[in-house]
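Engineer: coords please:
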Amino acid sequence: LEVHPLAIVERDREQLIVRRAEDTRLGRSIHGLCRTLINNMVIGVTKGFTRELLLTGVGYKIEEKDNKLVFHLGYSHPIEFPLPEGIKARVERQKQISLILEGYDKELLGLTASKIRSLRPLEPYKGKGISYADERIIRKAGKAAAQ
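Structural biologist: Coordinates of the predicted model:
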């Protein structure tokens, strides 16, 4: 792990201690960043991180093949999405199709979820597309009938 020169990481038996080299605004922000990144690494290795995506739309499907996900999202062709190393995916089909991504690297997990969501972002009129499970969906009214 490469650490910024303004942050000092020391190992004290069972714990890692992060100190700042300078007590400036930048030094404090780098100190907090390094501490949080190390904390995320520890949590990722011990518990792991998960991110859930929901697939909404008639005919939209996800298939798991080897280390790839194959999406059928209303385009004329299926989309193959290779999963990066360290990310596992499972598909649950209940009322709505949900894709659960799991991994130990929080940054890579978020990036992967973002790339998958960008394949078919949520559409505001009918609400079709891929969304995060905790995302608030803003719906728009369609155009009014002409009089």
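
Engineer: Which parts of the protein are helices?
Structural biologist: Taking DSSP state H, the helices of the chain run over residues 25-46, 106-117.

Engineer: tell me, what residue is most central in the protein?
Structural biologist: Nearest to the mean C-alpha position of the chain, by Cα atoms, centre = their mean, lies G110 at 2.4 Å.

Engineer: Grab the nearest non-local neighbour of it.
Structural biologist: Computed as Cβ to Cβ, 6 or more residues apart in numbering, the closest residue to G110 that is not its neighbour in sequence is R51, at 6.9 Å. To be clear about C-beta, it is placed using only N, CA and C from the backbone, and glycine gets the same treatment.

Engineer: on that earlier part again, isn't the residue nearest to the centre of the chain right next to L53, touching?
Structural biologist: No: counting by Cβ atoms under 8 Å, G110 sits too far from L53 to count as a contact (11.6 Å).

Engineer: In contact with the residue nearest to G110, which residues are there?
Structural biologist: Contact analysis of R51 by Cβ atoms under 8 Å, 6 or more residues apart in numbering lists 100-101, 109-110, 113, 132.

Engineer: Could you do G127 as well?
Structural biologist: G127 makes contacts with 56, 137, 139, as judged by Cβ under 8 Å, 6+ apart.

Engineer: Top of those residues by number of neighbours, please.
Structural biologist: Taking other Cβ atoms under 10 Å as the neighbour criterion, T56 ranks highest of those with 17 neighbours.

Engineer: And Q96, how far from R28?
Structural biologist: Distance check for Q96 against R28: by Cβ to Cβ, to the nearest Å, it reads 44 Å.

Engineer: Could you list the low-pLDDT ranges of this structure?
Structural biologist: In the predicted model of the chain, residues 1, 145-147 satisfy pLDDT under 70.

Engineer: Do I have it right that E22 meets P5?
Structural biologist: No: taking contacts as Cβ under 8 Å, E22 lies outside contact range of P5: 9.4 Å.

Engineer: of the two, who's got more company?
Structural biologist: E22 (13 against 9).

Engineer: Need the phi and psi values for the residue lying closest to that one once chain neighbours are set aside.
Structural biologist: In this structure, E22 finds its nearest non-sequential neighbour in L6, 5.9 Å apart by Cβ to Cβ, 6+ apart. Per-residue torsions, L6: phi -80, psi -10 (degrees, to the nearest 10).

Engineer: Appreciated, that's everything.
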